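Student: Got a sequence here, can you build the structure:
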Amino acid sequence: HAGLWNVIEHIFGVMKRQWRILLLAPEYHMDVQARIPVALCAIHNFIQWLDPKRLEQMNAVDGDEDETDLGFLADGPVGAAERRRAEERRDHIAEIMWQDYCHESRQRGYM
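Tutor: Predicted coordinates for the structure are as follows:
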């Protein structure tokens, strides 16, 4: 689970460095917002297929100042300690999201 999390985080980091629209506050309708990452992945894959050196050049211009240790993929199932750490992180994220939702709902007068 944690290994997959690292891969996904890395992919989003690459996408944010390559496509600045992902760093901006959303100004589009939710239907459009939901399609943007998929479209950018398709464009990324097309460029990779057409001209792999182009992506290397794009990434070299941006630099790697945001690069963090992304860990590694596990060879097998995760252990109990790693599972517990992942569950705690998930629960922490869910709690923050819930608090944010409640705060926003109160501001909008829904609660």
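Student: where does this protein dip in pLDDT?
Tutor: 1, 54-76 (pLDDT under 70).
Student: can you point me to the longest helix in it?
Tutor: Assignment by DSSP state H gives helix 80-107 as the longest helix of the chain.
Student: What segments of the chain are helices?
Tutor: Shown for the chain, the helices assigned by DSSP H span residues 2-18, 30-50, 52-62, 80-107.
Student: What are the buried residues along the longest helix of the chain?
Tutor: Neighbour counts over helix 80-107 (16 or more other C-beta atoms under 10 Å) mark Ala86 as buried. For the C-beta atoms, the positions are set from N, CA and C on the backbone; glycine is no exception.
Student: and that helix, what does it pack onto?
Tutor: helix 2-18 (3 or more C-beta pairs under 8 Å, 6 or more residues apart in numbering; DSSP states H and E).
Student: so what secondary structure elements neighbour the helix it packs on?
Tutor: Counting contacts by 3+ C-beta pairs under 8 Å, 6+ apart, helix 2-18 is packed against helix 30-50, helix 52-62, helix 80-107.
Student: Glu104 and Pro52, how far apart?
Tutor: To Pro52, Glu104 is 42 Å away according to C-beta to C-beta, to the nearest Å.
Student: Look at the closest residue to Pro26 other than its chain neighbours and say how many residues are nearby.
Tutor: Distance criterion C-beta to C-beta, 6 or more residues apart in numbering; nearest residue to Pro26, sequence neighbours excluded, is Gln33 at 5.2 Å. Neighbour count of Gln33, defined by other C-beta atoms under 10 Å: 11.
Student: That'll do, ta.
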